[in-house]
Every structure is written in structure tokens, then in C-alpha cells.
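Enquirer: This is the structure alone, sequence omitted:
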């Protein structure tokens, strides 16, 4: 074979190798895109930070090494999407077959939308209530699997399992609706848990007004707590699970009527606003100090 022929053959081989490599890379990227749908990676797949790679991430999945879903900050949300004068009603620890329907009826009567922070197994046990919450136009929030208020002291893999397994159960019960927020039990947020939530499309959600309704202080005391603390910020914490919530239902009726009298609209917590947008807000109850650590939020 002559010199020119050898050069030509080598060039042909090189071009063929480059083309083959490009095809392999394209196939790999397509495979990752097809297998990794945001918000649907199993907690067991990503435990310990060894989940499938995500575009823009470090190859460790949505856990401690993951990156926030597009537009979802890791900072704890407090403000309302409906403006500075709006109030966010949030309902924790359900769904409960006795009390959640009563809360939903009240919200409908007052034409108010709320955010329901649900426990994973509770959602699995009562999918009809989850679907009713969604059908009424309310939003879903992940409140973990076991409501472990000490989970901030536990390993990151445990936090990840608590968050992502609950998200999966809630979304399965909802029949397609997405979980849009994550609230740590008792306010036990960590940088890792906030990062895990944001990487899976859930905005960490705090609160400003702790009604203390979980302790059953009486309906009047619950209403007074809202009136007294609403100046702290717009997000109010109630419960529809964890026991007899008769006082909560009565107090919620009074609070919603009072908010209307005060000209205070209601809305949903922010999801995509950057943390800087929250810097000018009053301190949140889940930050300084965390009253949620004193009850079973």
C-alpha cells in the first residue's frame, strides 16, 4: 500500500471512530433523560448519594449531591404568591377521615385555598381525601413518612428516604398531581433536607404563626394566637391530623371570617421566588426561634 493510500485509510478510520463515539454519547444522554424524570426517582435508588446522574448535577441524583429543580430555591418559603397582604393557610398531619372533610368544607364555604402538608402513610391510607384536596384546588406538601421531629439529627440517607418515599405515596394517592412543597416535622430542616426537597421540585415551607392548635388550648385561644402573631408573617399553621381537631375546625372558621373582615386575602406560599425576595420579611417561626420544635407540627 502506498504512502497516500495509508494516510487516506487512517483518516477514514479516525472519522469512523469519532462518529461512533458521538453516537454513544448521544445514546447515553438520551438514556439519562428518559430514565430520570424530575421528582420520580426512588428514595432507595438515591440513598447514600448513588442515584442516577441528572443534567447539571454531580452525578449523585437528587440527594445531598443533587441540584435544585429548575426554578425551585432551597431557601425556606414564607411569603405569599398573592402579595404582601395575603395570608397562607397551611394544614398539617393529615389526611384524616374525620377532620380533613370538615376542614375542606370550611375552606369551600369561605372560598379559601390552602396547602395540605401530608404524612406519606396517611395519604396512602386515604387516597380519596388526597384526590378531594386536589380537586378543590388546594396544593400538596410533603410532611415525611413518620413525622420524626428529630430527623435533623439523623443521617442524610434517612432524611432522603423520609422525604422521597412520602412524596411518592402522596403523588400516587393524588392520581397525578405533584407535591409542590416540603415541610420538615417540627421545623427540623437541615441544609441537606432542603437541598433534597428542592432537587425534587418541592419548595421548603416554613411558617410564621404557630396557632398551637395541636395542644387543644381552646378555639378562642387559637383564634387569638393568629390575631396576635399575624404580624410575624403570612403563613399560618393548623392541623387536620394527629387527634381530635374539633377546636381547630371551630377556630379556623373564626380565623377565616376575621381575615375577611380585615381585608386580608389568602393564597399559596411562594415556590420559585429567590431567597433574596424573603430577606426583607419578618423572621419566620421556623427560623428564630423554631416554635415548631415545641409541638408536633
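Expert: Sure thing, it's come through. Fair warning: this is a prediction, and the values are worked out from it, not measured in the lab. Numbering: from 1, shown residues only.

Enquirer: so residue 101 makes contact with residue 128?
Expert: No - in this structure, residue 101 is not within contact of residue 128 by CB atoms under 8 Å, at 9.8 Å. Every residue, glycine included, has its C-beta placed from N, CA and C.

Enquirer: And the closest residue in space to residue 257 that isn't next to it in sequence, how close does it get to residue 103?
Expert: Of all residues not flanking residue 257 in the chain, residue 110 sits nearest, at 7.3 Å (CB to CB, 6 or more residues apart in numbering). Between residue 110 and residue 103 the distance, using CB to CB, to the nearest Å, works out to 11 Å.

Enquirer: And these two? Which one has more around it.
Expert: residue 103 (26 against 16; other CB atoms under 10 Å).

Enquirer: Okay, and the more buried one sits in which element?
Expert: Under the criterion of DSSP states H and E, residue 103 resides in helix 100-109.

Enquirer: For that helix, give me every contacting residue.
Expert: 89, 91, 94, 113-114, 116, 126, 129, 132-133, 136, 138, 238, 240-241, 245, 248-249, 252-253, 256 (CB atoms under 8 Å, 6 or more residues apart in numbering).

Enquirer: same for the helix or strand following that helix, what does it pack against?
Expert: Per DSSP H and E, the first helix or strand lying C-terminal to helix 100-109 is strand 115-118. For strand 115-118, the elements it packs on are strand 87-94, strand 139-142, strand 179-182, judged by 3 or more CB pairs under 8 Å, 6 or more residues apart in numbering; DSSP states H and E.

Enquirer: buried residues in stretch 257-273?
Expert: By 16 or more other CB atoms under 10 Å, the buried positions in stretch 257-273 come out as 259, 266-271, 273.

Enquirer: same thing with stretch 172-187?
Expert: Applying 16+ other CB under 10 Å to stretch 172-187 flags 173-174, 177-187 as buried.

Enquirer: what about the closest residue in space to residue 230 that isn't next to it in sequence, how many neighbours?
Expert: Distances taken as CB to CB, 6+ apart put residue 209 closest to residue 230, at 5.9 Å, once the chain neighbours are dropped. As a burial measure, residue 209 scores 26 neighbours (other CB under 10 Å).

Enquirer: Bridged to residue 209, which residues?
Expert: Counting by DSSP bridges, residue 209 is bridged to residue 236.

Enquirer: That one contacts residue 229, correct?
Expert: Yes - Residue 209 lies in contact with residue 229 (CB under 8 Å); the separation is 4.4 Å.

Enquirer: What segments of the stretch 1-150 of the chain are helices?
Expert: Under the criterion DSSP state H, counting those that start in this stretch, helices of the stretch 1-150 of the chain are mapped to 3-35, 43-46, 100-109, 120-125, 127-135.
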